[in-house]
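Colleague: pasting the sequence and the predicted coordinates here, then a few questions.
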Amino acid sequence: MESIVHLLSKDMKISEKIRLIRQQRGFTQDYIAEHIGIDPVNYGRIERGQTNLSVDRLQQICKILNISLAELFSESNWVDFNKAKDQNFTNLLEKNYRYTKRILKRIDELEFKVEKSLNSEGGKISEKE
């Protein structure tokens, strides 16, 4: 399979690179903000270059974007966006798994309540008007 690449300008700011790579990966600003533990408004400031970033924060962002700090700061014009395809799919599966797990837990809670209610009423189901 042919690798998907995108030309980045050498003059591009780090904040612009982060935005472009995030968009290419298909992530929203809200998704990144949630996963690095900051408010989405503050994350938007990162992409607009309106705030200073610590190395730790940059590493968190790079981890989600599946790139290294070296790649982010690279003078190279080319960034390979295909390598994160599998990671994006894995992230989607994990998100769906967590959602499904919450739903199943809620179903178990409701079944327990129904069973408890039936037991307290002697197994009779009464219709309420």
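Modeller: In hand now; what should we look at? Every value quoted in this text rests on a predicted model; they were computed, and no experiment measured them. Residues are numbered from 1 along each chain as shown.
Colleague: and Y97, its phi and psi?
Modeller: In terms of degrees, to the nearest 10, the main-chain angles of Y97 are phi -60, psi -50.
Colleague: so it versus L65, what's the distance?
Modeller: For Y97, the distance to L65 equals 21 Å [C-beta to C-beta, to the nearest Å]. C-beta: built from backbone N, CA, C; applies to glycine.
Colleague: strands along the chain, start to end?
Modeller: 5-7, 78-80 (DSSP state E).
Colleague: for the ones you listed, which has the smallest mean pLDDT value?
Modeller: Least confident of the strands of the chain, judged by mean pLDDT, is strand 5-7 with a mean of 45.
Colleague: re the thing from before, what about Y97 and L65, which has more around it?
Modeller: Per other C-beta atoms under 10 Å, whichever of Y97 and L65 has more neighbours is L65, with 22 against 10.
Colleague: T28 versus the more buried one, what's the distance?
Modeller: Counting by C-beta to C-beta, the gap from L65 to T28 is 13 Å.
Colleague: now do Y99
Modeller: 16 Å.
Colleague: how about I18?
Modeller: 13 Å.
Colleague: neighbour count winner among those two?
Modeller: I18 (23 against 12).
Colleague: what residues are up against the more buried one?
Modeller: Residues in contact with I18 (C-beta atoms under 8 Å, 6 or more residues apart in numbering) are I46, E47, I61, L65, L72.
Colleague: Throw together a ChimeraX command that grabs the buried residues out of those.
Modeller: Buried residues among those (16 or more other C-beta atoms under 10 Å), as a ChimeraX selection:
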select :46,47,61,65,72
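Colleague: what is the nearest of the contacts of I18 to G37?
Modeller: Closest approach to G37 among the contacts of I18 (C-beta to C-beta): I61, at 11.5 Å.
Colleague: and the closest one, how far is that from S54?
Modeller: Taking C-beta to C-beta, one finds I61 at 11 Å from S54.
Colleague: please apply the same query to R22.
Modeller: Look at R22 and S54: by C-beta to C-beta, they are 18 Å apart.
Colleague: which one's more surrounded, these two?
Modeller: Set side by side, R22 and S54 show more neighbours around R22, with 19 against 8, by other C-beta under 10 Å.
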